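# no sequence on this one, just coordinates:
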Ligand SMILES: Nc1ncnc2c1ncn2[C@@H]1O[C@H](COP(=O)(O)OP(=O)(O)O)[C@@H](O)[C@H]1O
Ligand SMILES: [Mg+2]
């Protein structure tokens with residue numbers, strides 16, 4: 001439903017044996033719904049940012065008064081600001097999810113994308129007592145890649161890993177070539193996942209965090225599948241988590 005404008009319905013057991021006219025009709029409907037959903041998210045974002053701005057001004061005014069009433073009002077405004085921020089996060093995650101299926105691929109280096117992302121992640125990881133260890137294969141070939149979307153893949157996996165290591169740990173980023181694929185592994189020493197979480201982690205809106213959008217991993221999977229790749233996960237409670245991304249060296253459009 002959320003594939004971006006112009007994208008095709010994936011080959012799904014439910015649709016793969018449909019007559020081509022029926023398939024075209026479903027594709028057109030899916031594209032129309034995706035455009036509507038994306039448009040709706042944009043329409044909500046503008047008034048939401050106006051609401052956020054006015055709440056900020058209200059909070060500033062209330063901060064200057066010293067009465068019990070103004071303190072009570074400030075508490076309520078702060079709650080509203082929190083909810084407003086949550087809504088903004090969900091909308092941003094949703095818009096990223098909607099765009100994930102339309103990569104703009106150009107020959108690119110996964111290693112460079114990882115290195116540039118780690119420059120951003122390092123200070124954040126330091127604050128969490130997490131040591132980041134890259135092991136990048138110096139002979140990794142270039143492949144057609146949407147580097148902006150891949151940075152999102154790294155960011156969603158990296159942030160999940162930090163959230164899973166509240167008391168610190170290590171986070172490895174490994175690139176190699178194996179069996180005709182470029183392989184990227186992201187391995188953390190965090191709390192790991194139980195079976196129920198493992199089964200549902202790629203479902204849209206599934207989250208075990210109170211403020212999670214539940215769109216991080218679904219977006220990651222959509223980006224990787226749009227690059228003809230696959231993603232798998234090994235995780236056990238208390239044992240950490242390993243995500244393995246495989247991207248075929250031979251690109252099939
Ligand atoms: N590295 C990880 N370690 C432990 N649990 C994880 C990890 N990555 C994802 N998860 C689990 O998968 C769920 C879904 O992740 P995600 O789609 O990114 O949504 P969100 O981060 O908003 O919760 C998380 O709520 C968490 O329970
Ligand atoms: Mg996440």
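Thanks, I have it. All figures in this text were calculated on a predicted structure; none of them were measured in a lab. Ligands and ions are numbered 1, 2, ... in the order given.
# buried ones in stretch 171-180?
171-175 (16 or more other C-beta atoms under 10 Å). From N, CA and C alone the C-beta is placed, and that goes for glycine too.
# my read: residue 158 touches residue 121, true?
Yes - contact criterion C-beta atoms under 8 Å: residue 158 and residue 121 qualify, at 5.3 Å.
# circling back: out of the buried residues of stretch 171-180, which is nearest to residue 102?
Closest approach to residue 102 among the buried residues of stretch 171-180 (C-beta to C-beta): residue 175, at 24.5 Å.
# what about the helix or strand that closest one falls within, average pLDDT?
For residue 175, the host element (DSSP states H and E) is strand 169-178. Here strand 169-178 scores 97 as its mean pLDDT.
# partner strands of that strand, parallel or antiparallel?
strand 130-136 (parallel), strand 181-188 (antiparallel) (DSSP bridges).
# show me what contacts residue 59?
Residue 59 makes contacts with 74, 77-78, 81, as judged by C-beta atoms under 8 Å, 6 or more residues apart in numbering.
# quick one: which of the residues you listed is most hemmed in?
Neighbour counts for these, by other C-beta atoms under 10 Å, peak at residue 77, which reaches 21 neighbours.
# tell me the secondary structure for that residue?
helix (DSSP: H, G, I helix; E, B strand; the rest coil).
# now do the contacts for it.
55, 58-59, 62.
# can we see that at 6 Å?
55, 58-59 (C-beta atoms under 6 Å, 6 or more residues apart in numbering).
# if you look at the residues you listed, which of them are in helices?
55, 58-59 (DSSP state H).
# ok, and of the residues you listed, which contact ligand 2?
Among the ones in helices among the contacts of residue 77, no residue lies close to ligand 2 (C-beta under 5 Å from the ion).
# nearest to ligand 1 among those?
Of all these, the one sitting nearest ligand 1 is residue 55; the distance, using C-beta to the nearest ligand atom, is 23.7 Å.
# so what's residue 111 closest to, chain neighbours aside?
Leaving aside its sequence neighbours, residue 111 sits nearest to residue 136 (C-beta to C-beta, 6 or more residues apart in numbering; 4.6 Å).
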